[in-house]
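Novice: what would the 3D arrangement of this be:
(one chain, ligands or ions: 1)
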Amino acid sequence: MTNSIHHSAKASHYDKDAESYDTFNEKNSRSTNQNIERILKKYKVKTVLDLTCGTGPQVFWLAKCGYKVTGSDINKRMLKVAKDKAKREKVEVKLLEGDMRTVKVGKFDAILTIFNAIGHLTKADFDKAMRNIKSNLSEGGIYVFDIFNLEYLLNDGAITKLTIDWQKTVGDTIFRDIQYSTIDQSGVLASYTTSYKQKGSGKAKISKSMQTLQIYTAKELSEMLTSNGFKVLHQCTVDGARFYNTKSDRILIVAKKNS
Ligand SMILES: C[S@@+](CC[C@H](N)C(=O)[O-])C[C@H]1O[C@@H](n2cnc3c(N)ncnc32)[C@H](O)[C@@H]1O
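Specialist: So this is what the prediction gives:
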């Protein structure tokens, strides 16, 4: 198989997904959010910066749990969905536009980048983002993030488990996403999606897209964190179960900023 080339995603990458993003993802984030909340409680966190907040699944969950939360994201449309939700649900959160590699927001007890968000960066850019995350963390602050587990996905046939066929109706509109993925040895996960949108009895609009994500083994992540001034405190699956190198599809890591 030829290797796919991976570039860091453009700011506009989620433009076409923003409208339907919550339709497919809101329910899926519940167990992850519960796990994150347990972690933040354990490390006595009070202030949280979600650097890839998107439409805000973690921001709103944690704000409702009493944390002081700021959300930032590179994509204007995802942020607009989050801002409209904050207004509608009367939740007090700060939401701003920013690139996780460069944005300076202040000093926080915890920083999050959840749901494979760092996969949108190249390895060199993730290194850069880690240094920026360090500069937005208070002394002893923690960085919590997740990503697909490369060691698992290179197992025979494991990649086919990422195939999806999701359908949901919102009002009079049917949304459907069909996706399959490939993986190469360098950790580039390429996903090919066909999206359908049908309003009422009108003609379905069909669009095709492809995206790549850089994914990692647990060992690679641990080495990158260490070389960027973090200490790995904990690793688990996204919903908090025990992480196995060859059996878990995603890894969630808690790393502490070294003083
Ligand atoms: C898969 S979504 C995850 C959003 C949210 N955390 C969730 O759990 O649904 C990835 C998000 O990362 C954002 N993103 C990608 N590259 C970024 C960058 N360089 N800086 C900040 N956000 C970025 C995208 O705009 C998108 O909103």
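Novice: please make it C-alpha for all contacts and neighbour counts, starting now.
Specialist: Will do.
Novice: wait, what's in contact with the most centrally placed residue in the chain?
Specialist: Most central in the chain under Cα atoms, centre = their mean is F115, positioned 2.6 Å from the mean C-alpha point. Residues near F115 by Cα atoms under 8 Å, 6 or more residues apart in numbering: 145-147.
Novice: tell me how far it lies from the ligand.
Specialist: As judged by Cα to the nearest ligand atom, to the nearest Å, F115 and the ligand stand 5 Å apart.
Novice: do the same with T226
Specialist: Look at T226 and the ligand: by Cα to the nearest ligand atom, they are 21 Å apart.
Novice: tell me which helix or strand comes right after the helix or strand hosting that residue.
Specialist: Per DSSP states H and E: T226 is located in helix 218-227. The helix or strand immediately downstream of helix 218-227 is strand 230-236, counting by DSSP H and E.
Novice: whichever helix or strand comes after that following strand and the ligand in contact?
Specialist: Later in the chain than strand 230-236, the nearest helix or strand by DSSP H and E is strand 250-257. No - Strand 250-257 is not in contact with the ligand by Cα under 6 Å from any ligand atom; minimum separation 12.5 Å.
Novice: for strand 250-257, give me every contacting residue.
Specialist: 134, 137, 139-149, 218, 225, 229-238, 243.
Novice: again, only using 6 Å
Specialist: Residues outside strand 250-257 that contact it (Cα atoms under 6 Å, 6 or more residues apart in numbering): 140-149, 230-238.
Novice: could you dump the worst-scoring helix or strand of the chain on mean pLDDT to PDB, C-alpha only?
Specialist: The weakest-scoring helix or strand in the chain, judged by mean pLDDT, DSSP states H and E, is helix 18-25 (a mean of 84). C-alpha atoms of helix 18-25 as PDB (Å, rounded to 0.1, in the frame of the first residue of the first chain):
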ATOM      1  CA  ALA A  18     -20.300  22.100  11.500                       C
ATOM      2  CA  GLU A  19     -24.000  22.000  10.700                       C
ATOM      3  CA  SER A  20     -24.400  18.300  11.200                       C
ATOM      4  CA  TYR A  21     -21.500  17.600  13.600                       C
ATOM      5  CA  ASP A  22     -23.700  17.400  16.800                       C
ATOM      6  CA  THR A  23     -26.200  15.200  15.000                       C
ATOM      7  CA  PHE A  24     -23.700  12.400  14.900                       C
ATOM      8  CA  ASN A  25     -21.400  13.100  17.800                       C
END
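Novice: and it, how far out from the chain's middle?
Specialist: Relative to its parent chain, helix 18-25 has a centroid offset of 14 Å by Cα atoms, centre = their mean, to the nearest Å.
Novice: okay, and F126 sits in which element?
Specialist: Secondary structure (DSSP H and E) places F126 in helix 123-135.
Novice: taking strand 230-236 as reference, get the angle to whichever helix or strand comes after that helix.
Specialist: Going down the chain from helix 123-135, the next helix or strand is strand 137-148, by DSSP H and E. If you take axes from the mean of the first three to the mean of the last three Cα atoms, to 10 degrees, strand 137-148 sits at 40 degrees to strand 230-236.
Novice: what comes up buried for strand 137-148?
Specialist: 137-138, 140-148 (16 or more other Cα atoms under 10 Å).
Novice: and the contacts of that strand?
Specialist: By Cα under 6 Å, 6+ apart, strand 137-148 touches 107-114, 116, 215, 249-257.
Novice: output the contacts of F115 as CSV; include the columns pLDDT.
Specialist: Shown next, in CSV, are the contacts of F115 (pLDDT from 0 to 100):
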residue, pLDDT
F145, 98
D146, 98
I147, 98
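Novice: please parse this structure into its domains.
Specialist: 11-148+217-257, 153-213 (automatic domain parsing).
Novice: average model confidence for the shortest one?
Specialist: In other words, domain 153-213. Mean per-residue pLDDT for domain 153-213: 95.
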